[in-house]
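Chemist: sequence-free structure coming up:
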């Protein structure tokens, strides 16, 4: 019975591959999470509880979110993103102790309710990555002040990296946010934007990437991360940015100015010893986080396909005397969507398994391929679902337009597609010498076999 419920969300073939790698506890958590998809009926209430416009829209969080978080805690669906092993210990034993592979399936289920389910279970970005930074690199005092309340879901956070008027896809270009070290203080100034979560009234800390050693010969040792509380003097939330008109209130993606914000040197992530380690730390943060986005995106695509199937089977939507599903182009869209979702899922599961076996660094190739493949797949599926819905599909009356806007941003977030494509291409080219040597050995052996047989050289 449990397997039947699971295969409503993940294909039977994919489940057959991962089922032997699931612990009994993980399987129990997964089926409980599927039951918790009563978050879907709460989506309309969440948006109805948001003020439609003005400062009030950013002043509070819909009360239904706290209710869902309380329910998730009761069910044991809290901090599921925390993997087992060393990180589990660093995080104080919080979380489900799941493998990345187990969590991949659960994140896909949560992707069906992209806004509510990850937040309700304390598995949403940017908090998960920020918690990982604090757990791995924070001082004991930083962990107590920020990590503990983040793990409890009492506060939220931002990761402040992308800069205004800078080609931020090359992170070594980041230079307009600086922190001067003056004795036991650092003075932070800079201009950032697209800072997710900065509009949230629960936000209690920004992790800011800034230049602390501009003269360092290595461009990868010029930056540090500092912890900034948004209510500090000199921190100004300029405005929420919008994506195709969506502001993602109350979290938002904001433009932020830091104007001579004075901090203790103990605000550097890792303390004074953390100076110059910004790049090292953000790389540790971005690997698993990139994959988490992909996991959820598969869930988004699956829900879009579900909506497509229902629309094309609606007798009130017949055209030219036929159900929409009876038109050949629609059938092709359904088949291609199913195939692409299932292919993308296997990419993600493969990357998650590689992390479990060999760590995130060893899985960079698999993560990179998933990162530029999965969002593009999800966009194609969502677009097909929008098309069969007609004008309604691009309106606020279905979640499809919001899905599209959200997934489209992932082609920029945590590195644009082009960066990952180039990295994978370069990695593939490293195999050329091995391939050339193998081909040369094949040719030598082939020539020897022809000679031994007393035959003339064959033309292929």
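Modeler: Structure's in. What do you need? Keep in mind that this is a model prediction, so the values were computed, not measured. Numbers count the residues shown, from 1 in each chain.
Chemist: Next secondary structure after the helix or strand of the chain with the lowest mean pLDDT?
Modeler: Ranked by mean pLDDT, DSSP states H and E, the weakest helix or strand in the chain is helix 86-90, scoring a mean of 53. Per DSSP states H and E, the first helix or strand lying C-terminal to helix 86-90 is helix 100-110.
Chemist: low pLDDT regions in the stretch 1-150 of the chain?
Modeler: 1-2, 83-96 (pLDDT under 70).
Chemist: contacting residues around the closest residue in space to residue 299 that isn't next to it in sequence?
Modeler: Nearest residue to residue 299 in three dimensions, chain neighbours excluded: residue 111, at 2.1 Å (CB to CB, 6 or more residues apart in numbering). In this view, the C-beta of every residue, glycine as well, is placed from N, C-alpha and C. Contact partners of residue 111, counting by CB atoms under 8 Å, 6 or more residues apart in numbering, are 117, 295, 296, 297, 298, 299, 300, 302, 303.
Chemist: which SSE is the fifth one in?
Modeler: Secondary structure assignment for residue 298, by DSSP H and E: helix 278-312.
Chemist: What is that helix packed up against?
Modeler: Applying 3 or more CB pairs under 8 Å, 6 or more residues apart in numbering; DSSP states H and E, we find helix 278-312 packed against helix 100-110, helix 127-137, strand 203-211, strand 223-228, helix 328-358, helix 364-388, helix 400-409.
Chemist: Which one, of those, ends up nearest to residue 284?
Modeler: When those are compared for distance to residue 284 using CB to CB, the nearest one is helix 127-137, at 6.2 Å.
Chemist: relative to helix 278-312, how tilted is the closest one?
Modeler: For helix 127-137 against helix 278-312, the angle by axes from the mean of the first three to the mean of the last three CA atoms, to 10 degrees is 150 degrees.
Chemist: which is the next helix or strand following helix 127-137?
Modeler: helix 140-142.
Chemist: State the next helix or strand along the chain beyond that following helix.
Modeler: Once the chain leaves helix 140-142, the next helix or strand it forms, by DSSP H and E, is helix 148-152.
Chemist: That following helix - contacts with which helices or strands?
Modeler: Counting by 3+ CB pairs under 8 Å, 6+ apart, helix 148-152 packs on helix 127-137.
Chemist: by how many degrees do the helix it packs on and strand 203-211 diverge?
Modeler: 60 degrees.
Chemist: which strands and helices sit next to helix 127-137?
Modeler: helix 86-90, helix 148-152, strand 156-160, strand 203-211, helix 278-312.
Chemist: now residue 202, nearest residue through space, not along the chain?
Modeler: Leaving out its chain neighbours, the residue that sits closest to residue 202 by CB to CB, 6+ apart is residue 156, at 4.5 Å.
Chemist: now do residue 423
Modeler: residue 368 (5.5 Å).
Chemist: was I right about that neighbour contacting residue 420?
Modeler: Yes - applying CB atoms under 8 Å as the test, residue 368 and residue 420 come out as touching, 4.4 Å apart.
Chemist: quick one, what contacts the most centrally placed residue in the chain?
Modeler: Centroid-nearest residue in the chain, with CA atoms, centre = their mean: residue 293, separated by 2.3 Å. With contact set as CB under 8 Å, 6+ apart, residue 293 has these partners: 125, 371, 374, 375, 410, 413, 414.
Chemist: Check the residues you listed for the minimum pLDDT and say which it is.
Modeler: Scanning those for pLDDT, the low point is residue 414. It has 83.
Chemist: do you know how far it is from residue 290?
Modeler: 5 Å (CB to CB, to the nearest Å).
Chemist: overlap in contacts of these two?
Modeler: residue 371.
Chemist: picking up where we left off before, would you mind giving the orientation angle of the helix holding residue 298 with respect to helix 400-409?
Modeler: Going by the same axes, to 10 degrees, helix 278-312 makes 150 degrees with helix 400-409.
Chemist: distance between helix 278-312 and the chain's centre?
Modeler: Distance of helix 278-312 from the chain centroid (CA atoms, centre = their mean, to the nearest Å) equals 5 Å.
Chemist: in that helix, what's buried?
Modeler: 278-279, 281-282, 284-305, 307-308, 311-312 (16 or more other CB atoms under 10 Å).
Chemist: Check stretch 43-54 too.
Modeler: Here stretch 43-54 shows 43, 46, 47, 50 as buried, counting by 16+ other CB under 10 Å.
Chemist: Likewise for stretch 53-60?
Modeler: Buried residues in stretch 53-60 (16+ other CB under 10 Å): 57, 58.
Chemist: which residues sit against that stretch?
Modeler: With contact meaning CB under 8 Å, 6+ apart, stretch 53-60 is reached by 50, 51, 199, 200, 201, 240, 247, 249, 250, 252.
Chemist: before we move on, the earlier item: could you export the helices and strands packed on helix 127-137 as CSV, including distance to residue 235?
Modeler: CSV is the format used below for the helices and strands packed on helix 127-137 (distance: least, CB to CB, whole Å):
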stretch, distance to residue 235
helix 86-90, 28
helix 148-152, 19
strand 156-160, 10
strand 203-211, 8
helix 278-312, 19
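Chemist: Which one, of those, ends up nearest to residue 189?
Modeler: It is, among these and with distance given as CB to CB, strand 203-211, at 8.6 Å.
Chemist: pLDDT of the closest one, averaged?
Modeler: The pLDDT scores in strand 203-211 average 97.
Chemist: what's the angle between that strand and strand 156-160?
Modeler: 20 degrees.
Chemist: Which secondary structure elements does strand 203-211 sit against?
Modeler: helix 127-137, strand 156-160, strand 178-182, strand 185-196, strand 223-228, helix 278-312.
Chemist: Let me know the angle separating the longest one from helix 328-358.
Modeler: It refers to helix 278-312. Using the same axes, to 10 degrees: helix 278-312 against helix 328-358 is 150 degrees.
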